[in-house]
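Student: Turn this into a model:
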Amino acid sequence: MSQTEVQLIKDAVIVNADVSNSAAIDVSKISGAMPLAGGTFTNDVTFEGAVSGRQILFDRSDNAFKVSDNFNLNLGSGNDLQLFHNGSNSFITNTSSGGFLHIRSGSGINLQDDTGDENFLKCIDNGAVELYHDNTKKLETHANGIHLSGSIYVPDSEIIGFGDTSNPDLRIFHNGNHSFIQDSGTGNLFVKTSSFQLENAAGNETLFSAVEDGAVELYHNGTKKLETSSTGATLSGNLSIDANVIHNGDTDTMLSFSANDQVDINCSGGMVARFTTDGISTGNNKRIDILDASGHRSGMINNSDSGANALRIAADPDNSGAGSSLQFHVDGTEQARIANGISFNGDTADANFLNDYEEGTFTPNNTIGMPLSSNFPAQYVKIGNLCWIMMDITFNSSPADTSQCGLIQNLPFTAKNLTNGEQYVDFPFISESGSANLDHDLANTVTFIESQGTAIKLFNFGLNAIQQRAFLAGRRMRFNFCYRTE
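Tutor: Reported below is the predicted structural model:
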């Protein structure tokens, strides 16, 4: 044995032995240092990796098992579970395809900060799961759901959805400009509460209020404007509409105001109708229109164009149909009708309409040489086409031409053109010349109105001859007769 070999073996102990790779050492020779059945390391143990600086160290003095950065602790035949620190962060990675990472605890799991002073997450066996913020519990599960302490913040255009997870029926979100509660599913959106109040964003102004078994209230600028009640609704302020006010139901409709109020209905800035305790009145120069089923004005009531104190009732003022009439009924029976005149008891024959009434005075005269004068104003009354004449005249002088008949001209209306010619005038009272007594010698006087004329012609058949104007000189004649006019 060489000197070197002697120095490397001391007291039967190999010191600093350089054993080649091909050398074989009987395990039994070193079983005292690392027995085959196990042994104890009494100092630090280091496992060096293939990359410099990566190692696993058992530090006996710290009683700690230390793994350097980027040195994995792999578990599983396929390295499915990996524990490592990359120099900045620590990782527990489960790479198993389709498998879960299970963390099991008999009583629960408590995730805390590195000092153990602050809770992050608690999972309690047979109990709640709790989430914390800055060591303050914010979310806690219960048997029937969750309990939240604080607020939920959702970014713009992100949705809080309820219902089908792929397409939620109810969504709550903000799109960056507006906020939405959107119900796109079947059925109704119900908000159930005993009292509901909608306020402005600052919470200092009521917009809408509803109370169970009580009123629903609408507000404007914090002031109540509409309130429901058991008998209807109360409005404070003006009511503006751009469509119709329609009553549906089978009970009477009533528009009611207090006894001392005056209610005006205005249109285009002017009063159209006024309701008072005395009734209903229309505005200045306004009318009441009555429309038929086609929308035509079948009737109208207004003040007449001729004056403020005149009332006009018109049938078919638009002239939209023929045969229009104004009818007066009592107990369902027509009593009078105004069309081309006035008829009675439902009579519609044109010949039976009374279409005119007039009365007044006129001045009879004679323009062909035999002047006359009225002792009293000559009067007439015209009803329909019948004209009643009352006059008292005197022929003042003898005629210049005695060959013509006597004439009383200027009757108020033209005589009707009759098929049988003239209309005879009832026998007048004729006095003797210069006397107030009846002149019986003139009993044969013939008096008539020529067809379509306006004069009375007089003849006398005394003394077996027709006497013309000569017999009228100085005579006073009184007439009271009726004739038919055009």
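Student: Enumerate the positions of stretch 279-289 that are buried.
Tutor: For stretch 279-289, burial by neighbour count (16 or more other CB atoms under 10 Å) applies to Thr282. C-beta coordinates here come from the backbone N, C-alpha and C atoms, glycine included.
Student: With just CA atoms, put it into CSV.
Tutor: Extracted in CSV, the C-alpha atoms of stretch 279-289 (Å, rounded to 0.1, in the frame of the first residue of the first chain):
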residue,chain,number,x,y,z
GLY,A,279,-125.2,76.8,-16.3
ILE,A,280,-123.1,76.7,-19.5
SER,A,281,-122.2,79.6,-21.7
THR,A,282,-120.1,79.9,-24.8
GLY,A,283,-117.3,82.3,-25.5
ASN,A,284,-117.4,85.5,-27.6
ASN,A,285,-118.9,84.7,-31.0
LYS,A,286,-118.5,80.9,-30.4
ARG,A,287,-121.0,78.3,-31.5
ILE,A,288,-122.3,74.9,-30.4
ASP,A,289,-121.9,72.4,-33.2
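Student: List of residues touching that stretch?
Tutor: 270-274, 297, 299-303 (CB atoms under 8 Å, 6 or more residues apart in numbering).
Student: Tell me where the model's unsure across the protein.
Tutor: Counting by pLDDT under 70, the chain contains low-confidence residues at 1-38, 249-261, 304-308, 399-402, 420-421, 426-427, 429-444, 462-467.
Student: Spatially central residue in it, please.
Tutor: Nearest to the geometric centre of the chain sits Ala243, at 6.2 Å (CA atoms, centre = their mean).
Student: which residues in the protein form helices?
Tutor: Using DSSP state H, the helices of the chain run over 3-8, 27-30.
Student: pretty sure Ile449 is touching Phe479, no?
Tutor: No - Ile449 is beyond contact range of Phe479, at 11.0 Å (criterion: CB atoms under 8 Å).
Student: Just want to know which of these two has more residues nearby.
Tutor: Higher neighbour count among Ile449 and Phe479: Ile449, with 24 against 20, using other CB atoms under 10 Å.
Student: tell me the domain boundaries of this structure?
Tutor: Under automatic domain parsing, the residue ranges defining each domain of the chain are 101-183, 194-236, 257-286, 295-352, 357-484.
Student: Deepest in the core, which of those domains is it.
Tutor: Greatest average neighbour count among the domains of the chain goes to domain 357-484 (a mean of 16), per mean count of other CB atoms under 10 Å.
Student: Run the chain-centre distance for that one.
Tutor: 76 Å (CA atoms, centre = their mean, to the nearest Å).
Student: same question, stretch 90-106
Tutor: Distance, centroid of stretch 90-106 to centroid of chain: 63 Å (CA atoms, centre = their mean).
Student: likewise stretch 192-204?
Tutor: 25 Å.
Student: From the opening residue of that stretch to its closing one, how far?
Tutor: Chord length of stretch 192-204, first to last residue, is 23 Å (CA to CA, to the nearest Å).
Student: Touching it from outside, list them.
Tutor: The contact list for stretch 192-204 (CB under 8 Å, 6+ apart) reads 205-212.
Student: in its sheet, what does the lengthiest strand in the chain sit against?
Tutor: When the chain is parsed with DSSP state E, its longest strand is strand 372-383. Sheet pairing for strand 372-383, assigned by DSSP bridges, gives strand 357-362 (antiparallel), strand 386-395 (antiparallel).
Student: Send me that strand as CSV with only the CA atoms.
Tutor: What follows is strand 372-383, C-alpha atoms only, in CSV (Å, rounded to 0.1, in the frame of the first residue of the first chain):
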residue,chain,number,x,y,z
LEU,A,372,-156.2,109.5,-53.5
SER,A,373,-155.2,109.8,-49.9
SER,A,374,-155.3,107.5,-46.9
ASN,A,375,-157.5,108.5,-44.0
PHE,A,376,-155.6,106.1,-41.8
PRO,A,377,-152.3,104.2,-42.4
ALA,A,378,-152.9,101.3,-44.7
GLN,A,379,-151.9,98.0,-43.0
TYR,A,380,-151.1,94.5,-44.1
VAL,A,381,-150.5,91.1,-42.5
LYS,A,382,-148.9,88.4,-44.6
ILE,A,383,-149.0,84.7,-43.4
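Student: any chance of the contacts of stretch 279-289 in TSV, with distance to Ser97 too?
Tutor: Shown next, in TSV, are the contacts of stretch 279-289 (distance: CB to CB, whole Å):
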residue	distance to Ser97
Gly270	85
Met271	86
Val272	84
Ala273	85
Arg274	88
Arg297	87
Gly299	91
Met300	92
Ile301	93
Asn302	94
Asn303	97
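Student: Among the residues you listed, which ones are in strands?
Tutor: With strands taken from DSSP E, the overlap with these comprises 270-274, 297, 299-303.
Student: Which member of the residues you listed is positioned nearest Gln182?
Tutor: Val272 (44.8 Å; CB to CB).
Student: so Gly406 sits right up against Ala470, yeah?
Tutor: No - applying CB under 8 Å, one finds Gly406 not in contact with Ala470, separated by 9.2 Å.
Student: for the strands paired with strand 372-383, which one sits closest to Ile152?
Tutor: Of all the strands paired with strand 372-383, strand 357-362 comes closest under CB to CB, at 89.8 Å.
Student: ok, back up a step: CSV for the domains of the chain, including distance to Leu73?
Tutor: As requested, the domains of the chain are arranged in CSV below (distance: least, CB to CB, whole Å):
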stretch, distance to Leu73
domain 101-183, 15
domain 194-236, 55
domain 257-286, 90
domain 295-352, 93
domain 357-484, 127
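Student: so which of those domains comes closest to Ile56?
Tutor: Per CB to CB, nearest to Ile56 of the domains of the chain: domain 101-183, 22.1 Å.
Student: measure that closest one end to end?
Tutor: Using CA to CA, the end-to-end distance of domain 101-183 comes to 38 Å.
Student: could you check the distance from Asn177 over to Pro428?
Tutor: 103 Å (CB to CB, to the nearest Å).
Student: Tell me who's in contact with Asp183.
Tutor: The contact partners of Asp183, taken as CB under 8 Å, 6+ apart, are 169-170, 189.
Student: residues touching the residue nearest to Glu358 when sequence neighbours are not counted, list them.
Tutor: Leaving aside its sequence neighbours, Glu358 sits nearest to Lys382 (CB to CB, 6 or more residues apart in numbering; 4.3 Å). Shown in contact with Lys382 (CB under 8 Å, 6+ apart): 356-359, 388, 412-413, 485.
Student: how does it look with 7 Å?
Tutor: Lys382 makes contacts with 356-359, 413, 485, as judged by CB atoms under 7 Å, 6 or more residues apart in numbering.
Student: beta partners for the nearest residue to Tyr357 once chain neighbours are set aside?
Tutor: Closest residue to Tyr357 apart from its sequence neighbours, by CB to CB, 6+ apart: Ile383 at 5.5 Å. Residues in a beta bridge with Ile383, per DSSP bridges, are Tyr357, Leu386.
Student: Relative to Phe413, how far out is Ile383?
Tutor: Distance, Ile383 to Phe413, by CB to CB: 12 Å.
Student: cool, and Val216?
Tutor: Distance, Val216 to Phe413, by CB to CB: 74 Å.
Student: cool, Ser184 as well?
Tutor: In this view, Ser184 and Phe413 are 85 Å apart by CB to CB.
Student: same thing with Leu139?
Tutor: Distance, Leu139 to Phe413, by CB to CB: 107 Å.
Student: go on, Asp331?
Tutor: The gap separating Asp331 from Phe413 is 39 Å, by CB to CB.
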